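K.L.:
coordinates only, sequence not included:
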């Protein structure tokens, strides 16, 4: 059907959307969210249809930013519009819904359409839900990862490329900021890409950004890694496994995560990682709740790793409380920097050393995990700080940055112990809500600084934590959240506190 | 946050959508598809968020038609915008995803949010997918139907109200156009609401509309039914179980139908039906493919009917070929009208009489189904036509309408038998594609008229079917589809045709 372009200044987040008058849509035999092909004399594009009674008249096609740019059309221009043949992917998604195991070819077709933005939100959600509820076989996972890697950019640094990744779910986890310089300081390559926070208080990219620029191009990443052996960059702007980024946009709001494994391994494969340690924080409120589940997941990582030619080992780590004392991008970057000079052991140092130990043994740099752990401890005390500052310089940051140079919020509330006892638990979800209310992750200087952790004794009136915000109204909000929710469980003796919760029929 | 209204002339099909600048969204802590509350001094509305970098500036809120009308705001007006607390429904949907059986209260909350348009497409799709993949218990189905009925309008005609419904899936099924006048002619009330075609060639409302107006208000339906005992109206514009209409918009494009039962019974309960016959067309290419599955479905209908105080019986009917000879709104309306005067039996008459027989026995008007069937046959010959014309008049149509008064397309292609034999099967999906290509359901006068049906002998050169279109280019398109797909299987003797299909590895 010949139609007249009516451009519209509305961006749709990368989706190619066109608006047809309802009458024309009926005439073309398409419905809202169906696809049409829009053709000019030189080019064509597939668009998802919205229909409207008033916004466009019969004979007009409302063209939003993305299409306008792709097709280079102007107001009043004539284009040819016709219904697109049904996507094969749609049929494959339907098969998966019905419980059929998909073939490599079918998965390739689906991921191709994901990356081409051919699938609408309904179809993407149905896909994610079928993965979540039907599960993925080992073969499907492998095909999925391969298709995700193939539809994006890839880098190849060399024959031995180390990497580290956490499945996430524990706040304050600045481990990567230290693992990268430790490993790089031993002459091993570790080009670490990471993500920003979506709803957590801070992602590794947010933390690293307090120390140095993290939005590097592929060429810059190559340059930095070749020069210093390591990097700490944001993966989001790169085109590494872009299907993963698009599918996360659907998974996240639904609170499901069927592609956890594929998401992590597609990114690792894209940067050519050959030896990878996966951190699986495990705790009653972490993403992975029991050691049994952690072991199952670890087993899958290792086995799919074999199929992808990646040597993978996993560390199941304590995920019951934050790592270190600080939560929030600036506070965590400060804490990471201060670790090098700090005396004695800490949960953060211990976690970094353990994961590095696994990686060093895996890659053959140490004879055993224990030896690797010792090597990592030594590196943390000596050469890792220098290496981190080299990386900071190579990425364009100030290599002399001191913890005090990182600005944090000036609005602070202190929370004190009301009863004496021992800190028996820290409830991470509440802590995350407080940090988020205080402004994380947008307000970089906001967050929470703990003064007691699990096992510490608290006397009445002891400082338990500080809540820090850049804006006073957000501090007020965070205080409100903190007072409404139990963050720390301080119990003197269990024999006085056997009843943990009283559930009435109104609960839930 | 105080924001300035920027109205936008774009309708979103009833969805309340607002556009925020990405910076403001971050500040409010909301993401695309999250919800905000927009407040004026006198009113407030919940809106789903789209974010944009350019379309609105920081401090502005882009307000689409639905919100503009609901809130009665104008350009430049100040409104208060804040993040809406998370919906309880979202948590309940997550429970269903994880396999938990939902309570009546939880289902009420979800359906309430469906009707209030509080759930976005991702959440609605996740809901439908969890129903599809986890299944619905009898208790969940009952609660769902009750919630669907309660959130819409209801009518109560009297103590005995008959109804008939088909689960669908067989083309040319004009049965309802004849069941309604037969039942009404016996002094029983049968207020029949029906739907329009979405992708099928014709819905009952489309067929009825060729004879009379079908877009009646609730008051008009009451008036017509009280006067004539029956009506044939479009249910779509009424507010009967509106949740069903909204959920169908998600189910349909995904090709899943987990709410088949709830959809039908919520509509029946809304019109106060007390005695209902459900037609379950069964055939290898129908919606229900085997008698075993039909029986299971029938069992569910009957049992949920008991919980809803509706007396239900089901008829499993032959769904292997179209009902009657015509497919397409106008052609089918003609065929229905001609049935009264036609001699002898036909599959259409037989189906109408059988279903009426079940209903007449169920309601106690006949002593047995067989007696009811005989009564219905007699009515078809005598008083049903008069009753249909009464209903036509009451709904504002021409009671003297003749089949020839209904216009059909003037572009016709005839298809002839190329080999002699007996028509062994008619492939409904191909037939539907041809009728759709010819212009159905939009072009009312388009469709297919069969001249042979299953079991008929065809000599070489015999007329098998006519394809009818209003527009010549659509006729060409339909001819192309007809030649590419096998519609009729004409086989002389099976011993010459044992190979039905040859499947190679490219098939699928």
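P.N.:
On my side now, so go ahead. Note that the structure is predicted; figures quoted are calculated from it, not measured. Residues are numbered from 1 along each chain as shown, chains lettered A, B, ... in the order given.

K.L.:
confidence score at the residue most central in space within chain A?
P.N.:
Nearest residue to the geometric centre of chain A (C-alpha atoms, centre = their mean): residue A:195, 4.5 Å. If you check residue A:195, the pLDDT there is 92.

K.L.:
where does it fall, phi/psi-wise?
P.N.:
phi -110, psi 160 (degrees, to the nearest 10).

K.L.:
same question for residue A:45.
P.N.:
phi -150, psi 150.

K.L.:
what helices and strands are in contact with the helix or strand bottoming out on mean pLDDT in chain A?
P.N.:
Least confident element among the helices and strands of chain A, by mean pLDDT, DSSP states H and E: helix A:65-71 (a mean of 82). Other helices and strands packing on helix A:65-71, by 3 or more C-beta pairs under 8 Å, 6 or more residues apart in numbering or on different chains; DSSP states H and E, are strand A:17-21, strand A:44-52. C-beta coordinates here come from the backbone N, C-alpha and C atoms, glycine included.

K.L.:
deepest-packed of those strands, please.
P.N.:
Most buried of these, by mean neighbour count (mean count of other C-beta atoms under 10 Å in any protein chain shown): strand A:17-21, with a mean of 24.

K.L.:
please compute how far it lies from its chain's middle.
P.N.:
Computed by C-alpha atoms, centre = their mean, to the nearest Å, the chain-centroid distance of strand A:17-21 equals 34 Å.

K.L.:
same check on stretch A:360-367?
P.N.:
On C-alpha atoms, centre = their mean, the centre of stretch A:360-367 falls 28 Å from that of its chain.

K.L.:
which bits of the stretch 151-300 of chain A sit near chain B?
P.N.:
By C-beta under 8 Å from any C-beta of the partner chain, the residues of the stretch 151-300 of chain A that approach chain B are A:198, A:250, A:253-256.

K.L.:
again, only this time at 6 Å
P.N.:
A:253-255 (C-beta under 6 Å from any C-beta of the partner chain).

K.L.:
just the buried members of those residues?
P.N.:
A:253-254 (16 or more other C-beta atoms under 10 Å in any protein chain shown).

K.L.:
narrow the residues of the stretch 151-300 of chain A next to chain B to those in helices?
P.N.:
If you go by DSSP state H, these have A:253-254 in helices.

K.L.:
ok, of the residues of the stretch 151-300 of chain A next to chain B, which one's closest to residue B:453?
P.N.:
residue A:254 (48.0 Å; C-beta to C-beta).

K.L.:
okay, now whatever residue of the stretch 401-508 of chain A ends up closest to chain B: neighbour count?
P.N.:
Minimum separation of the stretch 401-508 of chain A from chain B (C-beta to the nearest C-beta) falls at residue A:442, amounting to 4.8 Å. Here the count is done by other C-beta atoms under 10 Å in any protein chain shown, and residue A:442 has 17 residues near it.

K.L.:
helix/strand/coil for it?
P.N.:
Under DSSP: H, G, I helix; E, B strand; the rest coil, residue A:442 falls in the coil class.

K.L.:
for it, which residues are in contact?
P.N.:
Neighbouring residues of residue A:442 by C-beta atoms under 6 Å, 6 or more residues apart in numbering or on different chains: residue B:26.

K.L.:
what about 8 Å?
P.N.:
B:26-27, B:29 (C-beta atoms under 8 Å, 6 or more residues apart in numbering or on different chains).

K.L.:
distance of the nearest residue to the residue nearest to the centre of chain A once chain neighbours are set aside from chain B?
P.N.:
Spatial nearest neighbour of residue A:195, excluding adjacent residues (C-beta to C-beta, 6 or more residues apart in numbering or on different chains): residue A:203 at 4.9 Å. The spacing between residue A:203 and chain B, counted by C-beta to the nearest C-beta, to the nearest Å, is 14 Å.

K.L.:
residue A:203 and residue A:441 touch, don't they?
P.N.:
Yes - with contact defined as C-beta atoms under 8 Å, residue A:203 reaches residue A:441; the gap is 7.0 Å.

K.L.:
overlap in contacts of these two?
P.N.:
A:196-197.

K.L.:
circling back: could you dump the helices and strands packed on helix A:65-71 to CSV with distance to chain B?
P.N.:
What follows is the helices and strands packed on helix A:65-71, written out as CSV (distance: least, C-beta to the nearest C-beta, whole Å):
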stretch, distance to chain B
strand A:17-21, 7
strand A:44-52, 5
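
K.L.:
switch these over to a markdown table; also include mean pLDDT and distance to residue B:108.
P.N.:
Shown next, in a markdown table, are the helices and strands packed on helix A:65-71 (pLDDT from 0 to 100; distance: least, C-beta to C-beta, whole Å):
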| stretch | mean pLDDT | distance to residue B:108 |
| --- | --- | --- |
| strand A:17-21 | 87 | 34 |
| strand A:44-52 | 84 | 31 |
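
K.L.:
out of the ones you listed, which is closest to residue A:109?
P.N.:
Between the helices and strands packed on helix A:65-71, strand A:44-52 lies closest to residue A:109; by C-beta to C-beta that is 14.6 Å.

K.L.:
from the contact counts, what lies against the closest one?
P.N.:
strand A:17-21, helix A:22-28, strand A:35-39, helix A:65-71.

K.L.:
what about the last one, distance to the chain center?
P.N.:
The chain centre lies 29 Å from the centre of helix A:65-71; the measure is C-alpha atoms, centre = their mean.
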